[in-house]
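K.L.:
got a sequence here, can you model it:
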Amino acid sequence: MHPDWLTPDWPAPPGVRAVFTTRQGGVSVAPWDSMNLGDHVGDGPARVAANRARLGEAMAARPVFLQQVHGTGVLALDAGTAQGQPADAAVTTQPGVACTIMVADCLPVLLSTRDGTVVAAAHAGWRGLAGTQGCGILESVYESFSALALVDRAQAATNTIAWLGPCIGPTAFEVGAEVRAAFVEGDPLAAACFTALASGKYLADLAGLARLRLQALGVTQVYGNDGTPPWCTVGNASRFFSHRRDAGTQGNGFGTTGRMAACIWRD
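P.N.:
Residues are numbered from 1 along each chain as shown. From the prediction side, this is the model:
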């Protein structure tokens, strides 16, 4: 693994591996420099392919990339799963197949059973996290995850560990009142994750909102992103891509940024 990439600090069982790439370690040039894994952001296809190959070689596993649509779809992966299918989460029991989520401000969430038989990854932007009528991407992936774990729902919660990766932080994520309403109407406790601004907008704690959703599912063993500055994609330009920070600001007409990946797999 590249030394700048993040290896989750969590009690993963033997045989479960995970990594979060940063913008270091690839071949792409500005503004996608250098480990851009997104094939939809204007970067050269050959460079993206080379970066994805580097990732697979470093993991000694096959990363399966999704076409993420900010929805709640979950894809079950096996050795033959094609690249680029529309979904915002992936789950697998198969060794050597990596559930892979691309991000550049949205929150990546990795899940594993404590015995290491099932792993999953979810793309939690605010739309997917909020979902509809209290059912968002975390609820959807947990349902698929629990079914594969072959235990009842209560057992699944105590048998699950989660890791939250870097995302846009609570001092940078400015949203409208409609975003706050999407969460607070379903859970009044979510109000604590929003700070009112004089403009009438709010600062939102995306990682905090995800922790609330996981706790509501009974998942209490949650590690990683605690909302502090080192986890913020916007505030760490040399390490992380950030769509909100970089889109339209390069002055070169690209108006975009690269994508990082959170991956989890079984050896």
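
K.L.:
just grab the bridge partners of C232 for me.
P.N.:
In this entry, C232 is beta-bridged to C167, by DSSP bridges.

K.L.:
near it, how many residues? Count them for me, please.
P.N.:
When neighbours are defined as other C-beta atoms under 10 Å, C232 has 23 of them. For every residue, glycine as well, the C-beta is placed using N, CA and C.

K.L.:
list the contacts of it.
P.N.:
Residues in contact with C232 (C-beta atoms under 8 Å, 6 or more residues apart in numbering) are P166, C167, I168, G169, T171, A172, F240.

K.L.:
can you select the buried ones among those residues for me in PyMOL?
P.N.:
With 16 or more other C-beta atoms under 10 Å as the criterion, this PyMOL line picks the buried residues out of those:
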select buried, resi 166+167+168+169+172+240
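
K.L.:
flag the shaky bits of the chain, pLDDT-wise.
P.N.:
Residue ranges of the chain with pLDDT under 70: 248-255.

K.L.:
okay, helices next: where are they in it?
P.N.:
Assigned by DSSP state H, the helices in the chain fall at 45-59, 126-130, 137-149, 153-158, 177-184, 206-216, 243-246.

K.L.:
Provide a list of residues in contact with the residue most central in space within the chain.
P.N.:
By C-alpha atoms, centre = their mean, the mean C-alpha position of the chain lies nearest to P108, the distance being 1.3 Å. Neighbouring residues of P108 by C-beta under 8 Å, 6+ apart: F20, I101, A121, A122, H123, A124, L164, G165, P166, C167, A262.

K.L.:
adding distance to R52, write those residues out as TSV.
P.N.:
TSV is the format used below for these (distance: C-beta to C-beta, whole Å):
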residue	distance to R52
F20	15
I101	14
A121	16
A122	20
H123	17
A124	22
L164	24
G165	18
P166	20
C167	22
A262	14
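
K.L.:
bridging across strands, which residues link to the residue nearest to the centre of the chain?
P.N.:
According to DSSP bridges, beta-bridge pairing links P108 with H123.

K.L.:
how far away is it from R17?
P.N.:
Distance of P108 to R17, given as C-beta to C-beta, to the nearest Å: 15 Å.

K.L.:
equivalent analysis for V151, please.
P.N.:
V151 is 23 Å from R17, by C-beta to C-beta.

K.L.:
same thing with Q68?
P.N.:
Remark: distance between Q68 and R17 (C-beta to C-beta) = 22 Å.

K.L.:
go on, L164?
P.N.:
Counting by C-beta to C-beta, the gap from L164 to R17 is 17 Å.

K.L.:
these two: which is more packed in?
P.N.:
Neighbours per residue (other C-beta under 10 Å) separate L164 from R17, with L164 holding more: 26 against 20.

K.L.:
closest to W10 out of the contacts of P108?
P.N.:
Of all the contacts of P108, L164 has the smallest distance to W10: 9.9 Å, by C-beta to C-beta.

K.L.:
verify the stated contact: the closest one with Q221.
P.N.:
No. Counting by C-beta atoms under 8 Å, L164 stays clear of Q221, with 11.8 Å between them.
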